[in-house]
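S.K.: Sequence and predicted model, in that order:
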Amino acid sequence: PATLLLAGVAAGAAIMSKQDYGGAVALMLTVLLLALPWLEARRPESASAALGGAFRFMLGGALVVLPYLAWFAWQGALRDMLLQTIVFPFSVMSSFEYPRLPDPWPLLGRDEEMRAGIGNYFPSILATLWWNECPGCWVSGLGRGGSLYQRTAFWDVTLKLVFWAPFVFAVVGATVWLGGAVRERRATGTVGDEARGRLSVLALATGFLLAFNLPRDWVHLMMVYPPSLVVGAGLAYQATRRSSRIPALAVRAVLAASVVGLLVVTLALMADLRRRVDHWLDHPRARVYADRLNGPLIEDVLAWVERNVPPSKPLPVYPTQPALTFLAGRTTVAGYYVIWPMQAQSRDREILAELDRLGVEDVLFSVSQWAHLRSFQDNAPELFTALVDGWEIDQVFSREANGPILVALRRRGPGKRATPLREVAHGGDQRWTRWPFADVLVQPVAAPGAASPLRLEVTVPRERPLLQLAFGMNPDRWLGVPTGPLAFRVALQRADGTTEPLLERRIDPRGEVTARRWQPAAIDLSSHAGSPVTLLLEVEGNVPPSERDDLAGWAEPRFVARPRPRAGRPLPSGTRRW
């Protein structure tokens, strides 16, 4: 009884630590404890004998879980906790596109569908170290440059076998071990310790498989694998024990060689991982090694925080990078450290009210996000709208073309009095939207030499003839397949049909990290103040058709007054005074 009670306490702690795995394993062990009395005797002597084991196990779990639930209720957080741990996961599974198990067919050939999402199925540490070029590593270029991946189906077959093995082990284990237990009960009237041990391991592994929810990628597969390997090892042992000597030795030799081979690979990966994760973070709250991709970026962000954010001020980090808040020694606002679906309906309003009440001037925002959790705009539309209206990108943190990206947002100042372009522009297919973090006139990217200018009829405000704008790539698209430079052009069409170039710039945000920002520009139309003009806007680039419509645009175009010259300061010869 005491052992079962303590086992229940451990299960309760597991449930409160990891709800899905802890709950599923506790459920399967409870089922086992309900079934064992019927396997050990043809009819349990009493209800206590039939239900006592399961009751003690569940009582141990209740001693942990119920006080936690009571504490959450006392704090007024029980509803939110249940939404996040129960309602949210099932809602996400039904409404989000998550990676699923690879199709087992074709089993022995190349699977192009699986290869299209190979990042979900390839072992994470191999992808981190050996998938691309890894100078000085034991192995390098397994992916695009590796013949084993490019010319054979080795990885297709291997990964499918690895992904489906836990299910095969569970089905075979249930068939062999349950059948064996039933046969033993019929022969002897009960089951022995060995059969009970096998069934316990099977219940444990089955519980983990029940909790193997979406996404069924490599990372989550590894969480369910340990008990499945125990089941597989038990089946292999049982099979070799019943086989003749030669086949048994052959199977053991193959298994031993596999374990030795995997151990060698593991040691090589450990050595390469230590070699690659060598960027020491000396910050007081870090004191760890980081990899070469993220370490320098984290240092840049923390240095910026020390320069710009007083220790007494909160520093929200959105949407899902709360470790930066901790490393910076700051707190968030309104208690929200991450932004994702299915949070409280009042979340955005609470955050905005706290930002204003506390006078928060700075926010960190990660452009690098998890696609399957939807975009920040979709998950927090009210908060995103307020950030576009009242905040602007102050600094971009990006070191590698294919590396992580964060931006620092700062509250907009009062600014000059302005006339937005959209209020005075007519004609053309104008499509206005909101990108991080600006109102944008979106323009489809035309193929080189096939530009179709956006034609805008504009009356230039008499007192505000200076057109200020910014041009660039959608920040949500900074990461992606390289496109090469994008050419942005603005021209004035004269009455005789000829054009006067006003602006021409080329930028390549996916290839040059310094181009990852909104590029400011100003066009002086003083000679046309008060008069109607025709502006031609063009964007050209070698861009796939699927990306052309939501890639480039003109941010915050508006007319402002020309700056006045400082009195008494002579201008260089040939310079026109404004």
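M.R.: Happy to help now that I have it. Numbering: from 1, shown residues only.

S.K.: and stretch 463-480, how far out from the chain's middle?
M.R.: How far stretch 463-480 lies from its chain's middle: 27 Å, per Cα atoms, centre = their mean, to the nearest Å.

S.K.: With stretch 37-55 instead?
M.R.: With Cα atoms, centre = their mean, you get 48 Å for stretch 37-55.

S.K.: what's the answer for stretch 465-481, then?
M.R.: Centroid separation between stretch 465-481 and its chain, computed with Cα atoms, centre = their mean, is 24 Å.

S.K.: Quote the end-to-end distance of that stretch.
M.R.: 39 Å (Cα to Cα, to the nearest Å).

S.K.: got it, and stretch 531-545?
M.R.: 38 Å.

S.K.: Give me the contact list for it.
M.R.: For stretch 531-545, contacts defined as Cβ atoms under 8 Å, 6 or more residues apart in numbering pick out 425, 441, 443-460, 481, 483-493, 499, 502, 525, 551-552, 554. Heads up, the C-betas are built off the backbone N, CA and C, glycines and all.

S.K.: Buried members of those residues into ChimeraX, please.
M.R.: Only the buried members of those enter the following ChimeraX selection, criterion being 16 or more other Cβ atoms under 10 Å:
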select :425,441,443,444,445,446,451,453,454,456,458,459,460,483,485,486,487,488,489,490,491,492,493,502,525,551,552,554
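
S.K.: Report the buried residues of the helix or strand harbouring A233.
M.R.: Using DSSP states H and E, A233 sits in helix 218-242. For helix 218-242, burial by neighbour count (16+ other Cβ under 10 Å) applies to 218, 220-221, 224-225, 227-228, 230-232, 234-236, 238, 240.

S.K.: And the next helix or strand past that helix?
M.R.: helix 245-276.

S.K.: quick one: that following helix to chain centroid distance?
M.R.: Computed by Cα atoms, centre = their mean, the chain-centroid distance of helix 245-276 equals 32 Å.

S.K.: swap in stretch 288-295?
M.R.: Worked out by Cα atoms, centre = their mean, stretch 288-295 lies 18 Å from the chain centre.

S.K.: any residues touching the helix holding A233, and which ones?
M.R.: Residues outside helix 218-242 that contact it (Cβ under 8 Å, 6+ apart): 21, 120-124, 162-163, 165-166, 169-170, 172-173, 176, 198, 201-202, 204-205, 208-209, 211-213, 247-248, 251-252, 255.

S.K.: and the angle for it with helix 245-276?
M.R.: Interaxial angle of helix 218-242 relative to helix 245-276 (axes from the mean of the first three to the mean of the last three Cα atoms, to 10 degrees): 160 degrees.

S.K.: Now for the buried residues of helix 218-242: which two are most distant?
M.R.: Greatest spatial distance among the buried residues of helix 218-242 (Cβ to Cβ): H220 and T240, at 31.2 Å.

S.K.: List the contacts of stretch 126-137.
M.R.: 119, 122, 138-145, 269, 272-273, 275-276, 291.

S.K.: What's the ChimeraX syntax to select whichever of these are buried?
M.R.: This is how ChimeraX selects the buried members of the contacts of stretch 126-137, with burial counted by 16+ other Cβ under 10 Å:
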select :122,140,142,143,269,272,273,276
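
S.K.: what about the helix holding A233, average pLDDT?
M.R.: On average, the pLDDT along helix 218-242 is 93.

S.K.: next one: it to chain centre, how far?
M.R.: Chain-centre distance of helix 218-242: 30 Å, with Cα atoms, centre = their mean.

S.K.: One more: stretch 479-497?
M.R.: Computed by Cα atoms, centre = their mean, the separation of stretch 479-497 from the middle of its chain amounts to 33 Å.

S.K.: List the residues that contact the closest residue to N474 other than its chain neighbours.
M.R.: Spatial nearest neighbour of N474, excluding adjacent residues (Cβ to Cβ, 6 or more residues apart in numbering): W435 at 5.0 Å. With contact set as Cβ under 8 Å, 6+ apart, W435 has these partners: N474, P475, D476, G553, A555.

S.K.: Out of those residues, which is nearest to S48?
M.R.: D476 (62.2 Å).

S.K.: need the contact list for that closest one.
M.R.: Under the criterion of Cβ under 8 Å, 6+ apart, the neighbours of D476 are V367, S375, W435, P436.

S.K.: Pick out the lowest-pLDDT one from these.
M.R.: On the confidence scale, the contacts of D476 reach their minimum at S375, with 88.

S.K.: Run through this structure and note the low-pLDDT ranges.
M.R.: 42, 44, 92-95, 144-145, 372, 565-578 (pLDDT under 70).

S.K.: any idea which residue sits dead centre in it?
M.R.: Geometric centre of the chain, nearest residue: W370, 2.4 Å, by Cα atoms, centre = their mean.

S.K.: show me what contacts that one?
M.R.: Per Cβ under 8 Å, 6+ apart, neighbours of W370: T320.

S.K.: Which ChimeraX command selects the buried ones in the contacts of D476?
M.R.: The ChimeraX command for the buried members of those (criterion: 16+ other Cβ under 10 Å) is given here:
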select :367,435,436
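
S.K.: Adding distance to T85, write the contacts of D476 out as a markdown table.
M.R.: Output for the contacts of D476, formatted as a markdown table (distance: Cβ to Cβ, whole Å):
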| residue | distance to T85 |
| --- | --- |
| V367 | 29 |
| S375 | 24 |
| W435 | 34 |
| P436 | 30 |
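
S.K.: Okay, buried residues for stretch 334-347 please.
M.R.: Buried residues in stretch 334-347, counting neighbours by 16+ other Cβ under 10 Å, are found at A334, Y336, Y337, I339, W340, Q343, R347.

S.K.: ok, so what distance separates the residue nearest to the centre of the chain from I125?
M.R.: The gap separating W370 from I125 is 19 Å, by Cβ to Cβ, to the nearest Å.

S.K.: next one: Q395
M.R.: Distance, Q395 to I125, using Cβ to Cβ: 33 Å.
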